[in-house]
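Student: Build the 3D model from these lines:
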Amino acid sequence: MIDSVIESPEALLAGVGIVVLGYLIKYREWTFLIAGYDASSKVPQSVAANIVGNLAIRVGVATSVFGVVAAVASIPEAIVFAFVAIIALGATREIYRLQTYQPA
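Tutor: Just a heads-up that it's a prediction; the model follows:
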């Protein structure tokens, strides 16, 4: 198993990189990493950092797990499309949440 991951670590490394970016956005509030976010937005920096950081961490973990599973087993093409669709739907949901944000 370890040999398979070592031979093809791209998805695992991409996932780890996305987790690191998610950490920086969420906990360090590096909102300059968020494409299109401006500090003059009606969405507070802490809210934008929390929403986008959470998504990045979840996507990174899912990508890492997917990479490990793909390295050791053959994954049907339908599963790959489902993975991509779930990521796209998650990103769409977070964009909607940011666009419709209302202060409490």
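Student: rest of the way, CA atoms for contacts and neighbours
Tutor: Noted.
Student: roughly how far out does the longest helix anywhere in the chain sit from the chain middle?
Tutor: Using DSSP state H to define each element, the chain has its longest helix at helix 45-72. Per Cα atoms, centre = their mean, to the nearest Å, the displacement of helix 45-72 from the mean C-alpha position of its chain is 3 Å.
Student: after that helix comes which helix or strand?
Tutor: helix 77-99 (DSSP states H and E).
Student: hang on, the earlier thing: by contact count, what packs against the longest helix of the chain?
Tutor: helix 2-7, helix 10-27, helix 77-99 (3 or more Cα pairs under 8 Å, 6 or more residues apart in numbering; DSSP states H and E).
Student: For it, list every residue counted as buried.
Tutor: Residues 45, 48-64, 66-71 are the ones in helix 45-72 that count as buried (16 or more other Cα atoms under 10 Å).
Student: average pLDDT across it?
Tutor: On average, the pLDDT along helix 45-72 is 93.
Student: Over to stretch 14-25?
Tutor: 96.
Student: Other residues contacting that stretch?
Tutor: 30-31, 33-34, 49-50, 52-64 (Cα atoms under 8 Å, 6 or more residues apart in numbering).
Student: For stretch 35-49, which outside residues touch it?
Tutor: Outside stretch 35-49, the residues within contact range by Cα under 8 Å, 6+ apart are 25-27, 29-32, 98, 101, 103.
Student: 6 Å instead?
Tutor: Identification of contacts with stretch 35-49 by Cα atoms under 6 Å, 6 or more residues apart in numbering yields 25-26, 29.
Student: Span of it from start to end?
Tutor: End-to-end distance for stretch 35-49, by Cα to Cα, to the nearest Å: 12 Å.
Student: Dihedrals phi and psi, Gln102?
Tutor: With angles defined as degrees, to the nearest 10, Gln102 sits at phi -120, psi 130.
Student: burial count for it?
Tutor: Gln102 is flanked by 9 other residues according to other Cα atoms under 10 Å.
Student: Please apply the same query to Lys42.
Tutor: 12.
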